[in-house]
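Chemist: Okay, here's the prediction I keep looking at, along with the sequence it came from:
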Amino acid sequence: MDAFDVLKVCLRRWYVGVPIVLLAAVVGVGLSQDRTVEYSGSSSIALIYEASPASKASPDSPISRNPLAGNGGSLLYEAVLADLNSPRTQLELAGDTTSGVPQTEASNGSRFSAYVVPDKQSITVTAYGTDAKAVRATVDRVIAATAKKTTEIQDRAGVPRDGQFTTFLTIGTELSMLPPASASKLIAAVVGVGILAAAALSILVDRLMTRRRKSRKPASRHAATAADAEGIPTGNASAPSVTDPQDETPQPAPIVATAPSNVAEVAEPTEPTEPTGAGGDDIWETASAASGGSSRT
């Protein structure tokens, strides 16, 4: 089935597709009116090691006793990110008015997000929400807590203070307003989904009705054949009427007149002819005497 066949089915079953498309248009208009302004806040903080010139020159540097300092402190970054993204920290540092993802994406239950940008040794904190003040306050709290958690993690690892990493704010909290989705694009998208659904439902209804119509034709043909075999009229006006089977009154047999085959054919009487010639008068007199004595006049 190509696009032209689908179009013909949709036109034939227009009463199925039109209500669905209209409903999709109404839903799209309703969603376009419910658009809200969303704000995004972000900030970045880096982990650095501040050492004195004397410690840097010493072969026994304090940072060498920091097990989390390998590979530029990548292990320390992972530990800090795991703590920030844990459900406990999410509940402690953010309210229920912010989210870690924008409204255009599926919610993952987070209230802010913390991640390391590739090729940059810094932790970026991002939060989204419809309240600009709540978004900014959430990002500020997370950045302040990052410095505290960095120290706590290194203390648990037994790193001396002169060998620990510290934090440095690379980008302050920035707040931006996300542009709302276009109303026309939103309506067009919802109507497009409605058209696809209407086409699919129209094809389904068309196939069901076609199959039902085909199943009825053999049954009617079989009934007509059975009626012809039993002599039952099927609505033809020229067919003879059917007598009531419950009427048990005996009907007289029809009388058919037939000539017997052994009866000889009877000759039709012929008129007597008048004799001519000699002796004709004598013949007439003899015939008159035989018939009662009447004479010819």
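Modeler: Structure's in. What do you need? Numbers count the residues shown, from 1 in each chain.

Chemist: need the strands for the stretch 51-200 of the chain, in chain order.
Modeler: 98-99, 113-116, 123-129, 166-178 (DSSP state E, counting those that start in this stretch).

Chemist: could I get the ones you listed as TSV with mean pLDDT and mean neighbour count?
Modeler: Quick note: C-beta positions are derived from backbone N, CA and C, even for glycine. As requested, the strands of the stretch 51-200 of the chain are exported to TSV (pLDDT from 0 to 100; neighbours: other CB atoms under 10 Å):
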stretch	mean pLDDT	mean neighbour count
strand 98-99	90	24
strand 113-116	91	18
strand 123-129	93	24
strand 166-178	89	14
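
Chemist: for those, which one sits closest to residue 85?
Modeler: strand 113-116 (5.7 Å; CB to CB).

Chemist: list the helices and strands the closest one packs on?
Modeler: Under the contact criterion of 3 or more CB pairs under 8 Å, 6 or more residues apart in numbering; DSSP states H and E, strand 113-116 touches helix 70-84, strand 123-129.

Chemist: What are the contacting residues of that strand?
Modeler: The contact list for strand 113-116, computed with CB atoms under 8 Å, 6 or more residues apart in numbering, reads 77, 81, 84-85, 100-101, 122-127, 142, 146.

Chemist: which ones are touching the closest residue to residue 91 other than its chain neighbours?
Modeler: Spatial nearest neighbour of residue 91, chain neighbours left out: residue 111 (7.6 Å); criterion: CB to CB, 6 or more residues apart in numbering. By CB under 8 Å, 6+ apart, residue 111 lies in contact with 90, 91, 93, 94, 95, 96, 98, 99, 100, 127, 138.

Chemist: same question for the longest helix seen in the chain, mean pLDDT?
Modeler: Ranked by residue count under DSSP state H, the longest helix found in the chain is helix 183-230. Mean pLDDT, computed over helix 183-230, is 77.

Chemist: And for stretch 24-38?
Modeler: 80.

Chemist: Switch the helices and strands packed on strand 113-116 over to JSON lines; also include distance to residue 115.
Modeler: Shown next, in JSON lines, are the helices and strands packed on strand 113-116 (distance: least, CB to CB, whole Å):
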{"stretch": "helix 70-84", "distance to residue 115": "7"}
{"stretch": "strand 123-129", "distance to residue 115": "6"}
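
Chemist: So which of those is nearest residue 156?
Modeler: helix 70-84 (9.3 Å).

Chemist: By neighbour count, which bits of that closest one are buried? Give me those.
Modeler: Buried residues in helix 70-84, counted by 16 or more other CB atoms under 10 Å: 73, 75, 76, 77, 79, 80, 81, 83, 84.

Chemist: Which one of the contacts of strand 113-116 is nearest to residue 198?
Modeler: The closest of the contacts of strand 113-116, once distances to residue 198 are taken by CB to CB, is residue 101, at 32.3 Å.

Chemist: Got phi/psi on that closest one?
Modeler: phi -130, psi 150 (degrees, to the nearest 10).
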